[in-house]
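Engineer: Just the structure for this:
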Amino acid sequence: MEMSEESGATSKYNDDGQIDDFLQSIQKIRDEILRKESILQERSAQCDMDIQTLLSEGKMTPKAVSIIRKYKETCSDTTEVTNSSCSGDGGQSITKRKKLKKALLRQCKELDEICRGAHWILPRYTVLPSVSDGMYHASVRLRCLDFEMSLTGGLRATPHEAKCSAAANMILELHKKAEEQEQEGIRCKITLLNS
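Structural biologist: Alright, predicted model coming up:
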């Protein structure tokens, strides 16, 4: 890409359509990086949970053996570890878990779409294990020019479900904020009319 050095003027690329093309290309790169970051963060939280469980067990209990076996069987193919949802099942049936995961996944995607539509930076998540109960806890943070907001979600069986729980809470809070701004706008109009 050739750019002119003259006071910010461009010699070759001054078409708004080209800016949009470059913007979309950069957004795709960013989205792929965030997708990979999300996978690594979920894996890391799962490993933290398993490490803490092994430390708290302290000996070769059936739970410890199960964790060790999971890593022995899947370490040769790390994508299996990434996609694994072995621990934290809590005895729920696979069907119920799939329905919950699908519903929660919509919340994560919806929050991403809200941010894209408003031209905000995509949300950032932090996921931590709760060793005492074998669940995961996530927080989500939004930063944009007008505001910054951080919220947490509920405890969930998997890192991904925890992230989506936080996303659902953020969506609810964004709706409340929009309603408050709308009400404030109506109050201002009424005040102006009464003056």
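Engineer: Can you give me the buried ones in stretch 29-44?
Structural biologist: 38, 41-43 (16 or more other Cβ atoms under 10 Å). In this view, the C-beta of every residue, glycine as well, is placed from N, C-alpha and C.
Engineer: what's the average pLDDT for it?
Structural biologist: In this model, stretch 29-44 has a mean pLDDT of 85.
Engineer: Any stretches of this protein with poor pLDDT?
Structural biologist: Scanning the chain for pLDDT under 70 picks out the ranges 1-16, 74-105, 188-189, 191-193, 195.
Engineer: picking that back up, format the buried residues of stretch 29-44 as JSON lines; extra columns: distance to residue 156 and secondary structure.
Structural biologist: Formatted as JSON lines, those follow (distance: Cβ to Cβ, whole Å; DSSP: H, G, I helix; E, B strand; the rest coil):
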{"residue": "38", "distance to residue 156": "15", "secondary structure": "helix"}
{"residue": "41", "distance to residue 156": "14", "secondary structure": "helix"}
{"residue": "42", "distance to residue 156": "11", "secondary structure": "helix"}
{"residue": "43", "distance to residue 156": "16", "secondary structure": "helix"}
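Engineer: Quick one: the strands in this protein, in order.
Structural biologist: Secondary structure of the chain (DSSP state E): strands at 124-130, 135-143, 148-152.
Engineer: re the thing from before, ok, of the buried residues of stretch 29-44, which one's closest to residue 108?
Structural biologist: Each of the buried residues of stretch 29-44 was checked against residue 108 using Cβ to Cβ; the closest is residue 38, at 8.9 Å.
Engineer: what's the closest one in contact with, if anything?
Structural biologist: By Cβ atoms under 8 Å, 6 or more residues apart in numbering, the contact set of residue 38 is 125, 163.
Engineer: returning to that earlier point: now, the most widely separated pair of the buried residues of stretch 29-44?
Structural biologist: It's 38 and 43 that sit farthest apart of the buried residues of stretch 29-44, by Cβ to Cβ, at 9.7 Å.
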